[in-house]
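S.K.: Sequence first, then the predicted structure:
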Amino acid sequence: MKRIVTLIVIALSMNANAQNYGDEGPTLTPNAFGLVYEDAINENIPGKVNLHRVAYQVEGIDVVANVYTPGFFSGAQNDKLLPAIVVAHPNGGSKDQVAGLYAQKLAEAGFISIAFDARYQGESGGIPRRTDKPANRMGDIMGAVDFIQNYPGVDPDRIGAFGICGGGGYTFATAQVDKRIKAVGTLSLFNTGDVRRNGYMRTQMNNIAERQREASLARQIEAAGAEPELAGFMNWTPEEARQIKVDLYRDGYFYYGVTHKSPNAPGTYLKSSLMDMMAWDATDHADLIDQPLLIIAGEIADSRYMSEEAYAKATGTADKELFIVSGATHIRTYFVKEYVDQISAKIQGFYTQKL
């Protein structure tokens, strides 16, 4: 039996049959493509955005992804190659949730887009399951670039990357080293290393070494052959969740555990992965970003500080913008139509201009 250690992170475990809670939005179930977001395509229709399920390997490990193509796309278009966008999902998320939403929106605007499950997670391969290390996540983004640059109809010289939450932090870091990425966008950026090391909003800076020792012990136990120890998401009732003042946890509870719940996003990770996370930071070499950069954050998101810090540290590019979504919290940039429409228009314009 796996032991689950509850940390201060987004809560995911909830009753799958729970229904609408206040203004959290309607409860969705996966459609024919396994997608869990509003207005998701449910079938491939000629002349409309189509979804192509693909598989490829990154460092010998199978990756499962969805490629979204525009309605006018007809395969290899040698006379008109299209720009492509790699979309990275949040920590604890999957390609079927918000990553798929924005990938679909980009395809509607004429881009070929790809949303993938990180290795060791979701439908992708990798053992032990739920390993969650920054080097792997950055490799996943590079691997998606490897794949999509060779996809029929894609212009390999016009590839952008868009990352959400933890995927935003990993995209920000990957763009520092992978210059095939010609334009970089993030939404509700989450700097995994900083949060795992210092605590969310820097609330755990007094016990870093203690938590490092706990992570090291977890690896020691794994190496001895014991069942891996999991870090993860706390079980709250809806009433308890509504009392949480930190919007990332409160809204995350409903998004991941109720309204947009996916079997591909269990929301736990190996506690031993904290060894790698705590020694990493998305912004360590932010000055190496010389590509056009768009950073998007919710106005009242308590995670906004991470987007602002990343923006300030990206001194290697003059072509950068911090776009604030009025009235939005972190998680609500994932699904509230008013915010999604603003963000979609912004990223569509950004990639159209920069690619």
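M.R.: Everything's here; your move.
S.K.: Spatially nearest residue to N91, not counting backbone neighbours?
M.R.: Distances taken as C-beta to C-beta, 6 or more residues apart in numbering place G166 nearest to N91, at 3.2 Å, with adjacent residues excluded. From N, CA and C alone the C-beta is placed, and that goes for glycine too.
S.K.: and that neighbour, what is it in contact with?
M.R.: Residues in contact with G166 (C-beta atoms under 8 Å, 6 or more residues apart in numbering) are P90, N91, G92, G93, R137, F190, T192.
S.K.: Would you verify that the first one is located in a helix?
M.R.: No - using DSSP: H, G, I helix; E, B strand; the rest coil, the assignment for P90 is coil, not a helix.
S.K.: My read is that it contacts T171, right?
M.R.: No - contact criterion C-beta atoms under 8 Å: P90 and T171 do not qualify, at 11.2 Å.
S.K.: Can you turn the buried part of the contacts of G166 into a PyMOL selection?
M.R.: In PyMOL syntax, the buried subset of these is picked out as below (16 or more other C-beta atoms under 10 Å):
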select buried, resi 90+91+92+93+137+190+192
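S.K.: Lowest-confidence one in the contacts of G166?
M.R.: Of all the contacts of G166, G92 carries the smallest pLDDT score, 90.
S.K.: Which strand or helix spans the nearest residue to that residue once chain neighbours are set aside?
M.R.: In this structure, G92 finds its nearest non-sequential neighbour in G267, 4.4 Å apart by C-beta to C-beta, 6+ apart. Taking DSSP states H and E as the definition, one finds G267 inside no helix or strand.
S.K.: Which helix or strand in the protein has the lowest average pLDDT?
M.R.: strand 4-6 (a mean of 36; mean pLDDT, DSSP states H and E).
S.K.: What is the longest helix that the chain contains packed up against?
M.R.: Taking DSSP state H as the criterion, the chain has its longest helix at helix 337-354. Contacts defined by 3 or more C-beta pairs under 8 Å, 6 or more residues apart in numbering; DSSP states H and E place helix 337-354 against helix 98-108, strand 154-164, strand 181-187, strand 293-298, strand 320-325.
S.K.: what about dumping the CA coordinates of it to CSV?
M.R.: Extracted in CSV, the C-alpha atoms of helix 337-354 (Å, rounded to 0.1, in the frame of the first residue of the first chain):
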residue,chain,number,x,y,z
LYS,A,337,-14.9,31.9,-20.5
GLU,A,338,-14.3,35.7,-20.0
TYR,A,339,-10.7,35.0,-19.1
VAL,A,340,-10.1,32.2,-21.7
ASP,A,341,-11.4,34.5,-24.5
GLN,A,342,-9.0,37.3,-23.4
ILE,A,343,-6.0,34.9,-23.1
SER,A,344,-6.8,33.1,-26.4
ALA,A,345,-6.9,36.4,-28.3
LYS,A,346,-3.7,37.5,-26.7
ILE,A,347,-1.7,34.3,-27.4
GLN,A,348,-3.1,34.0,-30.9
GLY,A,349,-2.0,37.6,-31.7
PHE,A,350,1.4,37.0,-30.1
TYR,A,351,2.3,33.9,-32.0
THR,A,352,0.9,35.2,-35.2
GLN,A,353,3.1,38.3,-35.0
LYS,A,354,6.2,36.5,-33.7
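S.K.: Look up how far T317 lies from Y311.
M.R.: 10 Å (C-beta to C-beta, to the nearest Å).
S.K.: ok, those two, which is more surrounded?
M.R.: Y311 (21 against 16; other C-beta atoms under 10 Å).
S.K.: three-state assignment of that one?
M.R.: Classified using three-state DSSP, Y311 is helix.
S.K.: pretty sure it contacts K320?
M.R.: Yes - counting by C-beta under 8 Å, Y311 does reach K320; the two are 6.6 Å apart.
S.K.: Kindly give the local confidence score, pLDDT, for E239.
M.R.: At E239, the pLDDT recorded in the model is 89.
S.K.: and the gap between it and V195?
M.R.: Distance from E239 to V195, by C-beta to C-beta: 26 Å.
S.K.: now do V246
M.R.: Distance from V246 to V195, by C-beta to C-beta: 12 Å.
S.K.: Sketch out the helices for the stretch 151-300 of the chain, chain order is fine.
M.R.: 166-174, 192-198, 208-223, 238-242, 247-254, 274-277 (DSSP state H, counting those that start in this stretch).
S.K.: out of those, deepest packed?
M.R.: helix 166-174 (a mean of 30; mean count of other C-beta atoms under 10 Å).
S.K.: could you check the angle strand 181-187 makes with that one?
M.R.: 150 degrees (axes from the mean of the first three to the mean of the last three C-alpha atoms, to 10 degrees).
S.K.: what mean pLDDT does helix 166-174 have?
M.R.: pLDDT averaged over helix 166-174 gives 98.
S.K.: Would you mind writing the CA trace of it as PDB?
M.R.: C-alpha atoms of helix 166-174 as PDB (Å, rounded to 0.1, in the frame of the first residue of the first chain):
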ATOM      1  CA  GLY A 166       4.200  24.200 -13.700                       C
ATOM      2  CA  GLY A 167       4.400  23.700 -17.500                       C
ATOM      3  CA  GLY A 168       4.900  27.400 -17.700                       C
ATOM      4  CA  GLY A 169       7.900  27.300 -15.400                       C
ATOM      5  CA  TYR A 170       9.300  24.400 -17.400                       C
ATOM      6  CA  THR A 171       8.700  26.100 -20.700                       C
ATOM      7  CA  PHE A 172      10.400  29.300 -19.400                       C
ATOM      8  CA  ALA A 173      13.400  27.200 -18.400                       C
ATOM      9  CA  THR A 174      13.500  25.200 -21.700                       C
END
